[in-house]
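Chemist: Provided below for reference: sequence and predicted model.
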Amino acid sequence: MNHVFRLTAQWDGGRNSSGTIESGELKTAISIPEPMGGPGIGTNPDEMLLGAASTCYIITLAAMLERSAIAVQSLTLESDGIVDVTNNVFTYKTITHRPLLVLAPGQDEEVRVKAERLAHKAESSCMITRALQGNVEVSAEPTIVVAEQAD
């Protein structure tokens with residue numbers, strides 16, 4: 001079975017102009033970011049690639065934790081994307097995911113270790129990471145803690 005995702009785009013002019021994209025619930029302005037010499041209107045391909053990788057990772061991790069019956073109090077994520085610019089050639093080099101997973105109170109060390117293993121496995125299980133494989137190095141640096149029991 002194939003799933004079709006469709007995006008429409010509109011662009012107003014040359015390199016330093018702006019435009020819009022729309023796909024499902026996503027509708028936003030786009031342009032080249034200011035640090036890369038553009039107008040910095042809306043989002044850009046670099047942020048969107050990072051967003052795709054990050055949302056795929058956190059959804060994949062949440063699903064894996066649920067299937068493993070690991071009780072989660074909270075799951076947050078910070079991700080960094082590094083783009084190299086050499087001789088005016090832009091190359092997306094790395095994406096590093098740093099999830100903070102707070103497990104529900106009362107879980108033991110064995111569960112914490114399993115959750116950490118899943119946090120690493122989610123990185124290689126994500127569809128977007130697999131699409132980037134061989135082009136962008138993607139890694140996970142999870143922090144896993146067990147919440148304190150409430151008094």
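Modeler: In hand now; what should we look at? Residues are numbered from 1 along each chain as shown.
Chemist: drop to CA atoms for contacts and neighbour counts, all remaining ones
Modeler: Noted.
Chemist: So which bits of stretch 8-25 are buried?
Modeler: 18-20 (16 or more other Cα atoms under 10 Å).
Chemist: With stretch 51-61 instead?
Modeler: Result for stretch 51-61 [16+ other Cα under 10 Å]: buried residues 53-58, 60-61.
Chemist: Helix or strand next in line after the helix or strand harbouring L100, which one?
Modeler: Secondary structure assignment for L100, by DSSP states H and E: strand 89-103. Note on strand 89-103: by DSSP H and E, the next helix or strand toward the C-terminus is helix 109-125.
Chemist: does P35 count as helix, strand or coil?
Modeler: helix (DSSP: H, G, I helix; E, B strand; the rest coil).
Chemist: What residues of stretch 135-151 count as buried?
Modeler: 136, 138-140, 142, 144-147.
Chemist: can you redo those residues as TSV with distance to E123?
Modeler: Putting the buried residues of stretch 135-151 into TSV (distance: Cα to Cα, whole Å) gives the following:
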residue	distance to E123
V136	13
V138	7
S139	7
A140	6
P142	11
I144	15
V145	19
V146	21
A147	24
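Chemist: circling back: and of the buried residues of stretch 51-61, the nearest to F5?
Modeler: For those, the residue nearest F5 by Cα to Cα is C56; the value is 14.9 Å.
Chemist: list the contacts for the closest one?
Modeler: Listed by Cα atoms under 8 Å, 6 or more residues apart in numbering, the contact set of C56 reads 126-128.
Chemist: Now for the most centrally placed residue in the chain: which residues touch it?
Modeler: With distances taken as Cα atoms, centre = their mean, the chain has S54 as the residue nearest its mean C-alpha position (0.8 Å). For S54, the contacting residues are 77, 79, 97, by Cα under 8 Å, 6+ apart.
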